[in-house]
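Peer 1: below: sequence and its predicted model.
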Amino acid sequence: MRPVRRRDLLVVVAGLALGSWLVVRASYGILPPLQWWLPVPVGVLAVAEALGARTLRARLAAERDRRPRPGRPSPAAAARPVEPLLVARLAVLAQASAYVGAVFAGCWAGLLLYTVPALGRLAAAGGDTTTGVIGVLLSLALVAAALWLEHECRIPPDRDEPAGAAHA
């Protein structure tokens with residue numbers, strides 16, 4: 001499995017910003033009012049993934065500390081290890097969430113591209129701009145949390161191996 005490329009995320013954001021700007025420009029008058037709480041579920045997912053990344057990091061660090069090493073006695077009681085399949089599932093979730101966050105960031109940015117210049121001439125643009133800013137920020141928070149979770153799912157090199165040892 002390859003890590004998510006930041007360039008691909010930027011392309012998704014830019015492409016969807018342009019596309020959603022075109023859609024909003026053509027149909028802004030018939031869109032329902034955008035409430036400020038619409039992007040909040042994306043923020044909840046960002047918080048959940050950030051907590052998951054922090055928890056996984058702590059569990060993996062504790063598991064590494066419990067491994068027997070030369071010159072150090074074996075641990076008395078080993079705690080339940082982290083399941084490799086769980087880490088693989090979290091990595092897939094993180095990659096999917098990074099793209100979902102990029103999609104939403106692009107859509108909200110496209111809305112902002114239309115509403116920010118229209119602040120002075122459209123009454124609804126003020127509230128929609130607030131919603132768009134919240135949406136972009138929470139979507140970028142989801143991307144950041146997903147990339148952090150993906151980073152924590154990577155297998156670090158074993159510190160006990162010699163520098164030139166081959167990996168299986």
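Peer 2: That came through, no problem. Keep in mind that this is a model prediction, so the values were computed, not measured.

Peer 1: show me which positions of the longest helix along the chain end up buried.
Peer 2: Of all the segments of type helix in the chain, defined by DSSP state H, the longest one is helix 84-115. Buried positions in helix 84-115, judged by neighbour count with 16 or more other Cβ atoms under 10 Å: 87, 90-91, 93-95, 97-98, 100-115. (Glycine included, C-beta is placed from N, CA and C.)

Peer 1: one more: stretch 134-154?
Peer 2: Going by 16+ other Cβ under 10 Å, stretch 134-154 has these buried residues: 134-143, 145-150, 152-153.

Peer 1: what's the answer for stretch 24-31, then?
Peer 2: Applying 16+ other Cβ under 10 Å to stretch 24-31 flags 24, 28 as buried.

Peer 1: can I get it in PDB, CA atoms only?
Peer 2: Below are the C-alpha coordinates for stretch 24-31, written out as PDB (Å, rounded to 0.1, in the frame of the first residue of the first chain):
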ATOM      1  CA  VAL A  24     -22.600  27.700  -7.600                       C
ATOM      2  CA  ARG A  25     -22.200  30.500 -10.100                       C
ATOM      3  CA  ALA A  26     -24.900  29.000 -12.300                       C
ATOM      4  CA  SER A  27     -27.400  28.100  -9.600                       C
ATOM      5  CA  TYR A  28     -26.700  30.300  -6.500                       C
ATOM      6  CA  GLY A  29     -30.200  31.800  -6.600                       C
ATOM      7  CA  ILE A  30     -31.900  28.500  -6.300                       C
ATOM      8  CA  LEU A  31     -29.700  26.900  -3.600                       C
END
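
Peer 1: ok so, going back, among the buried residues of stretch 134-154, name the ones in strands.
Peer 2: Secondary structure assignment (DSSP state E) places none of the buried residues of stretch 134-154 within strands.

Peer 1: looking at those, which are in helices?
Peer 2: When those are checked against helices (DSSP H), the matches are 134-143, 145-150, 152.

Peer 1: count of residues packed around residue 23?
Peer 2: Residue crowding around residue 23 was assessed by other Cβ atoms under 10 Å; the count is 15.

Peer 1: any idea which element it lies in?
Peer 2: With elements taken from DSSP states H and E, the one containing residue 23 is helix 6-27.
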